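Chemist: build the 3D model from these lines:
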Amino acid sequence: INYKKFKYQSDDLMPTAKSLFYQGEDKIVMLSKDHRDAAFLFDVNAETVVQRFDADQLPITNLTQNKQNAHLYQDPTFLGSNSQAIFRMDPRLAGKGKTVRAETITYASKVQLACSATTGTGGIVMGSKLGELRLYDGEANRDGQLKRAKTSLCVASSPITDVDVSKDGKWILATAGREILVVPVEIASSGKTG
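Modeler: Presented below is the predicted three-dimensional model:
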């Protein structure tokens, strides 16, 4: 794909490495280095950027499927995050203004979130630059905001740079510095995770 195709309205976009397939494999949600508070929808067949998803001035540094393999099931939502926040993006909200950021959890402390992955049921695993894994159930609370992490595990002395999780949420694979970590998170007595 020619980089000259990465243009939205009159703005040229410089894509980052952070992107994900969306609603099948005909579309890609991508981030741009020049517009940190938005994600852009690239139509693969038309080879053009067709929509901007605004995060209401909250920077987006990472994208993740709402559930593992969600792009195969036409799930309209996806997750965005930065070092201090995780939020669900719902493009169906675009009619109510341009903001599509829905459920959010923001930390006042410096949690330094860096990477994320999701389980088949929507559980969220966040890796941090502090060597921590945070486990969320992916559900919203009564106020319509994402619930805080149920579990926080300090698993590495170096920053976690990438994370993946099994579909059932029982195993987490993380990379930190020169280490590859395989973390079991099933509680033996109950069979539950996190």
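Chemist: state the distance from the residue nearest the centre of the chain to Ala108.
Modeler: Ranked by distance to the mean C-alpha position of the chain (C-alpha atoms, centre = their mean), the top residue is Thr64 at 3.0 Å. Thr64 is 23 Å from Ala108, where distance means C-beta to C-beta, to the nearest Å. Placement of C-beta: from N, CA and C, glycine included.
Chemist: for His71, helix, strand, or coil?
Modeler: The three-state label for His71, taken from DSSP: H, G, I helix; E, B strand; the rest coil, comes out as helix.
Chemist: please disregard the earlier target; I meant Arg92.
Modeler: Under three-state DSSP, Arg92 falls in the helix class.
Chemist: and it, what pLDDT?
Modeler: With respect to pLDDT, Arg92 has a value of 83.
Chemist: and if you look at Gln84?
Modeler: pLDDT recorded at Gln84 is 95.
Chemist: for Ala174, list each beta-bridge partner.
Modeler: Here Ala174 sits in beta bridges with Val163, Leu181, going by DSSP bridges.
Chemist: ok, it touching Ser158?
Modeler: No - using C-beta atoms under 8 Å, Ala174 and Ser158 do not qualify as a contacting pair, with a distance of 10.6 Å.
Chemist: which one of the two has more residues nearby?
Modeler: Counted by other C-beta atoms under 10 Å, Ala174 and Ser158 do not tie: Ala174 has more neighbours, with 24 against 13.
Chemist: end-to-end on stretch 152-161?
Modeler: For stretch 152-161, the first and last residues are 17 Å from each other (C-alpha to C-alpha, to the nearest Å).
Chemist: pull the residues that contact that stretch.
Modeler: Taking C-beta atoms under 8 Å, 6 or more residues apart in numbering as the criterion, the residues outside stretch 152-161 that touch it are 112, 114-115, 127-135, 174-179, 181, 183, 185.
Chemist: at 6 Å what do you get?
Modeler: Residues from elsewhere that reach stretch 152-161, judged by C-beta atoms under 6 Å, 6 or more residues apart in numbering: Gly127, Lys129, Gly131, Glu132, Leu133, Arg134, Ala174, Thr175, Ala176, Gly177, Leu181, Val183.
Chemist: out of these, which are inside strands?
Modeler: When DSSP state E defines the strands, the subset of the contacts of stretch 152-161 inside them is Gly127, Glu132, Leu133, Arg134, Ala174, Thr175, Ala176, Leu181, Val183.
Chemist: which strand or helix spans the residue nearest to the centre of the chain?
Modeler: Taking DSSP states H and E as the definition, Thr64 sits inside strand 62-65.
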